[in-house]
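Trainee: structure for the following, please:
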Amino acid sequence: MQNIASPELMLSMVLDAMPVRVFWKDRDSRYVGCNQHFADEVGLPNPQHVVGKSDFDFCSREQAETFRAVDLEVMQSGVPLISVERPAVLANGETIWVDCSTLPLRNAAGEIIGVLTTYLDITARRKASDERARLIEDLITARDAALSASASKSAFVANMSHELRTPLNAIIGYSELLREESSDESTSHDLDCIVASGRHLLGLVNDILDLSKLGAGRMVLHDEAVSPAAIISEVMDALTLMAERTGTDLRWAAPPPTFSTLCDALKLRQCVLNLVSNACKFAKNGVVEVGLQREWREGASEFVVNVKDTGIGISPEQMLRLFQPFAQADPSVTRAYGGTGLGLAITRQLAENMGGDVVADSVLGEGSTFTLRLPNRPVSGALSISQQAVA
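Mentor: Model prediction:
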């Protein structure tokens, strides 16, 4: 049978096995005992060399007086101080951070005869926490700077775009007047080129202006009673020539429902125009179908515009950047079809500003479907979907 260590030896083994520093003092704050970890930390070979000494033997006078004040507080109040973080200077002059707990030490009669203290070196944890706090502060500063720079950039671009539109409109206007008065075929052709180029450039400037306004939070909604079916019809009529030039069959998927809703007519028109013109551009010699319906989703009434084309389609990888500003599904698309890649980004932001969203579903080589969802807010006096169902 193995020899069982004496209680005193067993206690010493247990204390030395603990991953913390442990010591206990008498009422005069003189060390009565400790484990080996604490002896190592104060630079002594074993706990016996610590007995009888005080903090004044290991620390600066200021720190020793601080430790003595803690001991007196615990002994006088009888209340332990648990898990207090404080700095401590080692015998070699190194400063560490410790998580310290000091408890009153009582005899069999319950009288306080000293204190028992344990502490854990948390220097590494403290440094990591401080570094994390500095990193978070740096990130917040960088974020604020980026937001400020972005807002300034958006404001600058918005102002510049506005300044560009004024002379462009003048160029287009005067060119159209000259075109009407010109009888020379060659001159008329040149003026047509000027007007077409001016309108193209004006369209790009308008896109940048809209994106800047959205980014700067300067886009204001003007809600009014509108007929989504009428607005979509106007857009389809306006794009008839474009569809004819690309050989696209532009049509309604089904007869649209007639209803009125509160919405910003200009922004709805712009969203539909962007989606339908995009579909016509990429569905050369194909079909573009536009659908309109009303739905209930998650307890709210919506009207939904679907634009389905039989165009080139979009791959899953290209879908990831589809709604990003200045991005098109494939760089080769820009060369083949033109455009700035702003239309879909603007459409999504406009839809979100109006309380809705735009999503896309596509199969590469087969075509795409873009779905615009917006809140259906019936005009006062008009029946909502639920009211019509009841009626």
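
Trainee: the strands in the stretch 1-150 of the chain, which residues?
Mentor: Under the criterion DSSP state E, counting those that start in this stretch, the stretch 1-150 of the chain contains strands at 21-26, 31-34, 81-89, 95-106, 112-121.

Trainee: what's the longest helix in this protein?
Mentor: helix 123-181 (DSSP state H).

Trainee: show me what it packs onto, helices and strands only.
Mentor: Other elements packing on helix 123-181 under the criterion 3 or more Cβ pairs under 8 Å, 6 or more residues apart in numbering; DSSP states H and E are strand 95-106, helix 185-215. Every residue, glycine included, has its C-beta placed from N, CA and C.

Trainee: would a markdown table of the ones you listed with mean neighbour count, mean pLDDT and distance to G33 be doable?
Mentor: Listed next are the helices and strands packed on helix 123-181 as a markdown table, based on neighbours: other Cβ atoms under 10 Å; pLDDT from 0 to 100; distance: least, Cβ to Cβ, whole Å:
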| stretch | mean neighbour count | mean pLDDT | distance to G33 |
| --- | --- | --- | --- |
| strand 95-106 | 17 | 92 | 11 |
| helix 185-215 | 16 | 74 | 69 |
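
Trainee: quick one: which of these is nearest V22?
Mentor: Minimum separation from V22 across the helices and strands packed on helix 123-181 (Cβ to Cβ) falls at strand 95-106, 10.2 Å.

Trainee: pull up the pairing partners for the closest one, direction included.
Mentor: strand 81-89 (antiparallel), strand 112-121 (antiparallel) (DSSP bridges).

Trainee: low pLDDT regions in the chain?
Mentor: Along the chain, the parts satisfying pLDDT under 70 run over 1-5, 91, 154, 157-158, 161-162, 200, 203-204, 207-219, 325-341, 381-391.

Trainee: which residue is nearest the centroid of it?
Mentor: Closest to where the C-alpha atoms of the chain average out (Cα atoms, centre = their mean) is R143, at 10.8 Å.

Trainee: quick check: that residue vs A151, distance?
Mentor: The gap separating R143 from A151 is 12 Å, by Cβ to Cβ, to the nearest Å.

Trainee: repeat that for T240.
Mentor: Taking Cβ to Cβ as the measure, T240 falls 40 Å from A151.

Trainee: how distant is stretch 312-319 from the center of its chain?
Mentor: In terms of Cα atoms, centre = their mean, to the nearest Å, the centre of stretch 312-319 is found 24 Å from the chain centre.

Trainee: can you dump the C-alpha atoms of that stretch in PDB for me?
Mentor: This file holds the C-alpha atoms of stretch 312-319, laid out as PDB (Å, rounded to 0.1, in the frame of the first residue of the first chain):
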ATOM      1  CA  ILE A 312     -28.000  36.600 -72.300                       C
ATOM      2  CA  GLY A 313     -28.700  35.700 -68.700                       C
ATOM      3  CA  ILE A 314     -26.400  36.100 -65.700                       C
ATOM      4  CA  SER A 315     -24.100  33.500 -64.000                       C
ATOM      5  CA  PRO A 316     -24.300  32.900 -60.100                       C
ATOM      6  CA  GLU A 317     -20.900  34.500 -59.700                       C
ATOM      7  CA  GLN A 318     -21.900  37.600 -61.700                       C
ATOM      8  CA  MET A 319     -25.100  37.900 -59.600                       C
END
